[in-house]
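*Asks:* no sequence for this one, just the structure:
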Ligand code: C2O
Ligand code: CU
């Protein structure tokens with residue numbers, strides 16, 4: 001472990017391109033989980049031995065159109081079992097990719113045929129869901145983009161997969177172990193090298209006046225990105241894939257918890273040569289460039305009206321709270337708060353005994369996934385869940401298979417999301433209509449937390 005924080009500043013440029021887009025709608029090729037050697041760290045550092053999809057970090061951008069059927073054969077060329085989760089897709093449960101819950105993990109040398117319809121347009125992603133804490137950190141993730149029926153009026157559509165890697169600066173290899181008690185009991189595995197699309201110095205080029213769609217995906221294991229935009233006017237048009245009913249001008253920082261996505265429409269306002277891009281907040285209180293936009297020239301299109309809303313997806317209705325069931329999910333444990341005891345694998349254990357079993361956290365008194373779901377629902381039921389955070393850490397809570405909305409204190413609803421950030425001691429409530437049958441995982445997307453207690457599930461009959 002090292003306290004070193006490597007960012008683009010202070011390093012020379014010149015990394016190999018590490019991410020390729022697959023030709024759109026040409027996905028007869030399998031998706032191969034395989035080892036690869038990738039130059040993640042700046043020149044002068046060693047290459048990193050990664051686990052990848054198709055040899056690149058991130059994996060290929062999978063692009064489909066709304067309503068398309070995704071057929072994707074996973075080929076496992078790793079030495080360990082794996083599976084693919086299609087994060088944020090309101091999917092058929094059997095295709096959700098959760099090893100041990102919705103499918104058996106695919107053994108080394110094995111294959112699995114993922115085959116499902118994409119009901120919603122938007123920005124999604126795919127990642128390993130077998131020992132995710134390690135497999136995602138080693139590189140098994142990529143963007144899944146579902147296009148709206150009609151193209152938007154933008155000059156370009158850019159996918160930006162934000163990630164970080166915890167590397168040994170001597171060798172360039174991943175710092176081990178992945179199941180590190182210190183990381184599991186604190187904020188999770190946070191990297192010392194931050195990058196976008198597999199590069200620490202990812203940059204875009206644009207002309208003044210260009211309008212871009214930026215699809216930001218936080219693929220990091222634990223890092224919460226705080227972002228600022230420079231040299232552009234921006235509007236948020238979608239969160240976690242789902243369109244907002246009206247674009248919202250970005251006038252403050254953007255917070256992106258692990259697994260969250262934000263779709264922005266940005267108009268480049270910077271003059272040629274002036275600074276533009278995405279800045280990220282660093283622990284030392286500085287703002288550093290995460291994505292530089294090199295501005296040259298000026299687009300012929302000068303003034304544009306504010307962007308229109310994206311077309312809505314289906315089934316975006318507000319949940320009817322009048323008949324809702326209410327439950328409370330209490331988050332406990334971790335460093336600086338702890339807990340008295342919890343149930344783990346059917347046994348009531350005190351905190352010490354839980355730690356001995358690698359369990360630092362619990363959800364409503366249960367550490368890790370049990371045989372009985374947190375909620376047993378019938379199709380069409382409305383559930384509200386109070387998320388009570390009695391820990392000293394934020395948690396990005398993710399529900400599989402269905403999007404939910406925050407229920408604010410004044411009774412109004414927030415936008416549809418599949419992952420929401422819970423802050424210690426801040427009350428938070430969500431609600432959704434259970435319209436997708438199956439066994440759906442509900443867990444913290446700080447993946448070290450999910451692996452050490454913060455995982456439960458919801459059954460929809
Ligand atoms: Cu993106 Cu269960 O996760
Ligand atoms: Cu957490």
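*Replies:* Cool, got the structure. What you see is a predicted model, and the numbers here were worked out from it, not measured in a lab. Ligands and ions are numbered 1, 2, ... in the order given.

*Asks:* tally of neighbours for the residue of the stretch 1-150 of the chain found nearest ligand 1?
*Replies:* Closest contact between the stretch 1-150 of the chain and ligand 1, by C-beta to the nearest ligand atom, is at residue 87 (3.7 Å). No exception for glycine: its C-beta is placed from N, CA and C like everyone else's. Neighbours of residue 87 under the rule other C-beta atoms under 10 Å: 26.

*Asks:* list the contacts for the nearest residue to it once chain neighbours are set aside?
*Replies:* Distances taken as C-beta to C-beta, 6 or more residues apart in numbering put residue 125 closest to residue 87, at 5.0 Å, once the chain neighbours are dropped. By C-beta atoms under 8 Å, 6 or more residues apart in numbering, the contact set of residue 125 is 87, 88, 141, 142, 143, 144, 161, 217, 219, 259, 261.

*Asks:* with residue 341 instead?
*Replies:* Each residue near residue 341 by C-beta under 8 Å, 6+ apart is listed here: 348, 349, 350, 351, 354.

*Asks:* the same query, at a cut-off of 7 Å, please.
*Replies:* Applying C-beta atoms under 7 Å, 6 or more residues apart in numbering, we find residue 341 in contact with 348, 349, 350, 351.

*Asks:* okay, it: pLDDT?
*Replies:* At residue 341, the predicted lDDT confidence score is 97.

*Asks:* where are the low-confidence patches of the stretch 351-461 of the chain?
*Replies:* Along the stretch 351-461 of the chain, the model assigns pLDDT under 70 to no residue.

*Asks:* hey, where'd the strands end up in it?
*Replies:* 361-363, 375-377, 382-389, 395-399, 404-407, 413-417, 419-422, 428-433, 438-444, 455-460 (DSSP state E, counting those that start in this stretch).

*Asks:* show me what from this structure comes close to ligand 1.
*Replies:* 85, 87, 127, 129, 259, 398, 400, 441, 443, 445 (C-beta under 6 Å from any ligand atom).

*Asks:* between those, which is closest to residue 169?
*Replies:* Closest approach between those and residue 169, by C-beta to C-beta: residue 127, at 25.6 Å.

*Asks:* what residue lies at the spatial centre of this structure?
*Replies:* Centroid-nearest residue in the chain: residue 259, 1.4 Å away (criterion: C-alpha atoms, centre = their mean).

*Asks:* just the pLDDT at that one, thanks.
*Replies:* Note on residue 259: pLDDT of 98.

*Asks:* next, count neighbours for the nearest residue to it once chain neighbours are set aside.
*Replies:* The shortest distance from residue 259 to any non-neighbouring residue, by C-beta to C-beta, 6+ apart, is to residue 445 (4.1 Å). Using other C-beta under 10 Å as the criterion, residue 445 is surrounded by 28 other residues.

*Asks:* can you pull the contacts of residue 445?
*Replies:* Counting by C-beta under 7 Å, 6+ apart, residue 445 has contacts 258, 259, 396, 398, 419.

*Asks:* so the residue of the stretch 1-150 of the chain closest to ligand 1 sits against residue 127, correct?
*Replies:* Yes: at 6.3 Å, residue 87 and residue 127 qualify as touching, with contact defined as C-beta atoms under 7 Å.

*Asks:* which members of the contacts of residue 125 are positioned in helices?
*Replies:* Applying DSSP state H to these, no entry is found in helices.

*Asks:* can you say which of these are buried?
*Replies:* By neighbour count, with 16 or more other C-beta atoms under 10 Å, the contacts of residue 125 hold 87, 88, 141, 142, 143, 144, 161, 217, 219, 259, 261 as buried.

*Asks:* quickly list what the fifth one is bridged to.
*Replies:* It refers to residue 143. Beta bridges link residue 143 to residue 125, judged by DSSP bridges.

*Asks:* would you confirm that it contacts residue 61?
*Replies:* Yes: look at residue 143 against residue 61 with C-beta under 7 Å: they come within range, at 4.8 Å.

*Asks:* and for those two, which residues touch both?
*Replies:* Shared contacts of residue 143 and residue 61 (C-beta under 7 Å, 6+ apart): residue 159.

*Asks:* flag the shaky bits of this structure, pLDDT-wise.
*Replies:* 1-28, 302.

*Asks:* so the residue lying farthest from the centre of it: helix, strand or coil?
*Replies:* For the chain, the residue at maximal distance from the C-alpha centroid (C-alpha atoms, centre = their mean) is residue 300, at 36.0 Å. On the three-state scheme (DSSP: H, G, I helix; E, B strand; the rest coil), residue 300 is labelled coil.

*Asks:* right, I'll call it a day here.
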